[in-house]
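Visitor: model the structure of this input:
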Amino acid sequence: MQCPSCQNTDSRVLESRSADSGRSVRRRRECLNCDFRFTTYERVETVPIYVLKKSGTKELFNRGKIINGLNRACEKTLIPASKIEFIVDEIELELHQGLRKEVKTIEIGEMVLTHLKDINEVAYIRFASVYRQFDGINDFMKTLESLKPIKKEELVSVL
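Guide: Below is the predicted model:
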């Protein structure tokens, strides 16, 4: 590792610890030439994921866009920012574990909705209304019906 002060390549590691929720290692180093101390981060290199937009264009996956959408959907709810970060971490991990390098926006949106459905119904409806581009009350009603728990009587009649 090259020292930022004197550009010498000899350094020793003083301390190592996990960072970024265990996805990287933070190392505190000291240059053996000039005694300058500096910090480095070691991360696993991942294959970039491209998002296929509805318009047909491609762009690099941007977790910030999901965070912004979730922040809007979760506004004035009791969902903490840490939970939103956790959802985005889970989605990003799932995308990286997949074998594909390209994913459609519709797939990402459905992943977000799957997480929100179990957390907060209001946030789910808010996100779905924007993501699925609701045109009117009927779209809201269909989505609300899908959230309604099945009663025992309805379950028996289905069976």
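Visitor: can you tell me the SS state at I79?
Guide: Here I79 is recorded as coil under DSSP: H, G, I helix; E, B strand; the rest coil.
Visitor: please name the residues that touch the closest residue in space to it that isn't next to it in sequence.
Guide: Nearest residue to I79 in three dimensions, chain neighbours excluded: N120, at 5.7 Å (C-beta to C-beta, 6 or more residues apart in numbering). Any C-beta I mention is one placed from the backbone N, CA and C, and that applies to glycine too. With contact taken as C-beta atoms under 8 Å, 6 or more residues apart in numbering, N120 is in contact with 74, 77-79.
Visitor: would you map the helices across the protein?
Guide: Counting by DSSP state H, the chain has these helices, from start to end: 63-73, 81-97, 105-119, 121-131, 137-147, 152-158.
Visitor: so which of those is the most packed in?
Guide: By mean neighbour count, with neighbours taken as mean count of other C-beta atoms under 10 Å, helix 121-131 ranks first of those at a mean of 18.
Visitor: surely L60 meets V47?
Guide: No - if you go by C-beta atoms under 8 Å, L60 and V47 don't touch, sitting 11.4 Å apart.
Visitor: if we can go back for a sec, now tabulate the helices of the chain in a markdown table and tack on mean pLDDT and distance to V51.
Guide: Shown next, in a markdown table, are the helices of the chain (pLDDT from 0 to 100; distance: least, C-beta to C-beta, whole Å):
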| stretch | mean pLDDT | distance to V51 |
| --- | --- | --- |
| helix 63-73 | 91 | 9 |
| helix 81-97 | 89 | 9 |
| helix 105-119 | 89 | 6 |
| helix 121-131 | 79 | 14 |
| helix 137-147 | 72 | 24 |
| helix 152-158 | 44 | 38 |
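Visitor: and this structure, what are its domains?
Guide: Segmentation of the chain into domains, based on automatic domain parsing, reads 11-43, 50-150.
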